[in-house]
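1. heads up, no residue letters with this:
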């Protein structure tokens, strides 16, 4: 059935090509629809869209318009499926249900899974949410986790349903001998033994064979057993209070030895951690030793006691140590031995750090931006880096682009720098407008740092190396770098492109997306080259040779609804945006085609040259046959031209002199006006000065006269008063003489 459908589709495609050739000569009202093809017809009177299915010759009415097609029907081969969004409603008889106006009814915002069937058209409003995909076949020991935490067990063929969302494919985990699977409960559940587990609880599964994790179980890690011998033992510490597999209750922080006499292989429990492996201490017949704080029969250290051990004997010592910090004078007693002296303090800036490892727990951490001294259980830890990463750390991401081979040769000649001390925290300066991805292998997550910034690696982090294509044409694995430049920038293949990364608001999702394609240069060049090849293959060579730039831009950027070339081409996988294209040259790749084109061009040039030479020769003969008349006409025309030139020159000189005189006159008038205005201002200021002087002089004279008048009036009153006093005295004397009479 599938082969017949493919054959029919091929025949239909040939029919469409023939119909397209015929359509140029016929009107737009006639459509030839091959088998397994369909068109959408819009009735502009009722605004209803219907489907016309081939094979038929469809004649469009005046009030109708074909809006889609002819398009090929959807073909679903056996053991395949497709998902249709907004499917049509079908009745009990399987026919499409239409409303009163004749429009097919749709189940909006719904999906329908369609399996193998006859080719079917897409009704108006329907669309494929994905391509036709094969059905998944699951083997025994595999399950599919679906929405609602339901499990579909294999073997079997899984048929998708609209209400079921496939989340993950899970395979059974094989547990071998001397291995255990560490599980963690995501929610409250019951394990395979029927024991209830709470959320966050961890336990071990030691059963050998295949194990399928439960619905709410997640695998923490696979634990391998430690093989014990008669000369080795394991120092184990309890991380919390619990009862071990031998029925002994252990307290939090308690330490004990697991020896070969106890068990041959040891698998640490969930609440146990292996501190270190101890070697046996062997004494010969002529040796002895004194053990301080020996362990008693109950497994507890007897503090303050000693025990003498004589050879021949082998035993495991259970020591401990501590640190005495200075400044202090310390004299160790006989029971204490000096383990060693620690180095001085590590004074660290905010951009500096060291890697510290705990010898008891094995945990490695980074200490940054503080003054730090190692404790008795800590030591400096060296971080291992690949040689390629060390070379890239010593380079400039912007200045050393394109010279990776020369960079490798020059990097070996550089002196050792801070990278030689692997105990220091590895740092990398991210340049401006760049991004660096760092992956944490322990936490299984990545983070992206945008520049300008400083990256400080944690103990379990590594840089993500970029391997990009380079050269012309592009070759993979040519350029290596740690930082991804975000652009705008350009890359040159046979065609040059301008590009940049659209990171939006620099969210975590957008940041991780730009690193999703390892070689974005090669991917972009291949995608654009594929589009160009597809467009060029459909055009004749002469048409492409004349309109190469336009054809290439249309093939890469595409056309919008208005028929104009779009401004950019976006890669949704990593948000890479190509903004412009520069065509440097258009040359055939095939040598024979190139030689034929070169011969054709040379022949065309030769034909054009011969034609021009013949035309020039014919014109010369015709001119010579004309006699002296053309010569005289040329001379007259030359004299007329010289006279017109002289007239024009005289006219231009007269106009320039008139313009100069006009400018001089205007300047003189303006200068006279300015002089008159200055004289007027000077006269007004002099008049104002004289007026002020005269007013001051008049005021002074008036005040002087007033003072003189007042002085004369005062002197007259004084003389009158003295005369009146004299008269009074004279009158009094006379009256006194006459009174006795």
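-> Structure received. Being a predicted model, the structure only gives us computed values, none of them experimental. Residues are numbered from 1 along each chain as shown.
2. buried set for stretch 522-538?
-> Applying a neighbour-count criterion of 16 or more other CB atoms under 10 Å, one finds 522, 523, 524, 525, 527, 528, 529, 531, 532, 535, 536 buried in stretch 522-538. Quick note: C-beta positions are derived from backbone N, CA and C, even for glycine.
3. now residue 676: which helix or strand?
-> According to DSSP states H and E, residue 676 maps onto helix 629-738.
4. worst-scoring helix or strand of this protein, pLDDT-wise?
-> Sorted by mean pLDDT, DSSP states H and E, the helices and strands of the chain end with helix 404-411, the least confident at a mean of 50.
5. residue 391 falls within a helix, correct?
-> Yes: assigned with DSSP: H, G, I helix; E, B strand; the rest coil, residue 391 falls within a helix.
6. how many residues are close by it?
-> Using other CB atoms under 10 Å, residue 391 is surrounded by 19 other residues.
7. could you do the one 4 residues further on as well?
-> A total of 20 residues lie near residue 395 under the criterion other CB under 10 Å.
8. and it, which of the three is it?
-> Relying on three-state DSSP, one would call residue 395 coil.
9. could you do residue 521 as well?
-> Once three-state DSSP is applied, residue 521 turns out helix.
10. can you pull out the low-pLDDT segments for the stretch 301-450 of the chain?
-> Judged by pLDDT under 70, the stretch 301-450 of the chain has its weakly predicted residues at 301-304, 313-346, 398-419.
11. the helices in it, which residues?
-> 387-393, 404-411 (DSSP state H, counting those that start in this stretch).
12. which parts of this protein belong to which domain?
-> Domain ranges of the chain: 2-134, 142-315, 346-380, 387-583, 684-721, per automatic domain parsing.
13. turn those domains into JSON lines, columns for distance to residue 624.
-> JSON lines is the format used below for the domains of the chain (distance: least, CB to CB, whole Å):
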{"stretch": "domain 2-134", "distance to residue 624": "53"}
{"stretch": "domain 142-315", "distance to residue 624": "91"}
{"stretch": "domain 346-380", "distance to residue 624": "91"}
{"stretch": "domain 387-583", "distance to residue 624": "40"}
{"stretch": "domain 684-721", "distance to residue 624": "88"}
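14. what ranges do the strands span in the stretch 351-500 of the chain?
-> 353-358, 364-368, 371-372, 378-380, 427-430, 434-440, 445-450, 453-456, 461-463, 466-470, 475-481, 483-485, 489-492, 495-501 (DSSP state E, counting those that start in this stretch).
15. helices and strands around the shortest one, which ones?
-> Judged by 3 or more CB pairs under 8 Å, 6 or more residues apart in numbering; DSSP states H and E, the packing partners of strand 371-372 are strand 346-347.
16. can you rerun that using 10 Å?
-> strand 346-347, strand 353-358 (3 or more CB pairs under 10 Å, 6 or more residues apart in numbering; DSSP states H and E).
17. how far out from the middle of the chain is that strand?
-> 36 Å (CA atoms, centre = their mean, to the nearest Å).
18. same check on the fourth one?
-> What separates the centre of strand 378-380 from the centre of its chain is 38 Å, taken as CA atoms, centre = their mean.
19. which residues touch that strand?
-> Residues outside strand 378-380 that contact it (CB atoms under 10 Å, 6 or more residues apart in numbering): 323, 342-343, 346, 354-360, 363, 365, 367, 372, 374, 421-424.
20. in it, what counts as buried?
-> Applying 16+ other CB under 10 Å to strand 378-380 flags residue 378 as buried.
21. strand partners (parallel or antiparallel) of that strand?
-> Using DSSP bridges, the strands paired with strand 378-380 are strand 353-358 (antiparallel).
22. most neighbours per residue, which of the strands of the stretch 351-500 of the chain?
-> Comparing the strands of the stretch 351-500 of the chain by mean neighbour count (mean count of other CB atoms under 10 Å), strand 483-485 ranks first with a mean of 21.
23. so of the buried residues of stretch 522-538, which ones are in helices?
-> 522, 523, 524, 525, 527, 528, 529, 531, 532, 535, 536 (DSSP state H).
24. in TSV: the residues you listed, plus distance to residue 38 and pLDDT.
-> Converted to TSV, those look like this (distance: CB to CB, whole Å; pLDDT from 0 to 100):
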residue	distance to residue 38	pLDDT
522	40	76
523	35	77
524	36	79
525	38	79
527	31	80
528	33	80
529	34	78
531	28	81
532	32	80
535	27	78
536	31	76
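25. which among those residues gets closest to residue 67?
-> residue 535 (25.3 Å; CB to CB).
26. which SS state does the nearest residue to that closest one once chain neighbours are set aside fall under?
-> Of all residues not flanking residue 535 in the chain, residue 555 sits nearest, at 3.2 Å (CB to CB, 6 or more residues apart in numbering). Assigned by three-state DSSP, the conformation of residue 555 is helix.
27. list the contacts of residue 555.
-> So residue 555 contacts 528, 530, 531, 532, 533, 534, 535, 536, 538, 539, 565, 581 (CB under 10 Å, 6+ apart).
28. nearest to residue 695 among those?
-> Among the contacts of residue 555, and counting by CB to CB, the member closest to residue 695 is residue 565, at 87.1 Å.
29. residues contacting that closest one?
-> Here residue 565 is in contact with 550, 553, 554, 555, 556, 557, 558, 559 (CB under 10 Å, 6+ apart).
30. enumerate the beta-bridge partners assigned to the closest residue to the third one other than its chain neighbours.
-> Translated: residue 554. Spatial nearest neighbour of residue 554, excluding adjacent residues (CB to CB, 6+ apart): residue 565 at 5.7 Å. With DSSP bridges applied, residue 565 shows beta-bridge pairing to residue 559.
31. ok, residue 565 to residue 544 distance?
-> 16 Å (CB to CB, to the nearest Å).
32. got it, and residue 504?
-> From residue 504 to residue 544 the distance is 38 Å (CB to CB).
33. and those two? which has more neighbours close in?
-> Taking other CB under 10 Å, residue 504 and residue 544 do not tie; residue 544 has more neighbours (17 against 11).
34. which element, helix or strand, includes the more buried one?
-> Judged by DSSP H and E, residue 544 forms part of helix 541-546.
35. circling back: any chance of TSV for the ones in helices among the buried residues of stretch 522-538, columns distance to residue 67?
-> Converted to TSV, these look like this (distance: CB to CB, whole Å):
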residue	distance to residue 67
522	40
523	35
524	34
525	37
527	30
528	31
529	34
531	26
532	30
535	25
536	30
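36. ok, the spatially closest residue to residue 385 that is not a sequence neighbour - how many residues close by?
-> Closest residue to residue 385 apart from its sequence neighbours, by CB to CB, 6+ apart: residue 426 at 6.7 Å. Here the number of neighbours of residue 426 (other CB under 10 Å) works out to 23.
37. quick one: contacts for residue 442?
-> With CB under 10 Å, 6+ apart, residue 442 has these contacts: 364, 458, 459, 460, 461.
38. which residues of the stretch 601-741 of the chain score low on pLDDT?
-> In the stretch 601-741 of the chain (pLDDT under 70), the answer is 626-643, 645, 716-741.
39. just the pLDDT for the residue lying closest to residue 74 once chain neighbours are set aside.
-> Leaving aside its sequence neighbours, residue 74 sits nearest to residue 120 (CB to CB, 6+ apart; 5.8 Å). Predicted confidence (pLDDT) for residue 120: 87.
40. quick one, what contacts residue 120?
-> Contacts of residue 120 by CB under 10 Å, 6+ apart are 36, 38, 53, 73, 74, 75, 76, 82, 84, 114, 126.
41. and for the residue nearest to residue 251 when sequence neighbours are not counted, the neighbour number?
-> Leaving aside its chain neighbours, residue 251 sits nearest to residue 241 (5.1 Å; criterion: CB to CB, 6+ apart). Neighbour count of residue 241, defined by other CB under 10 Å: 12.
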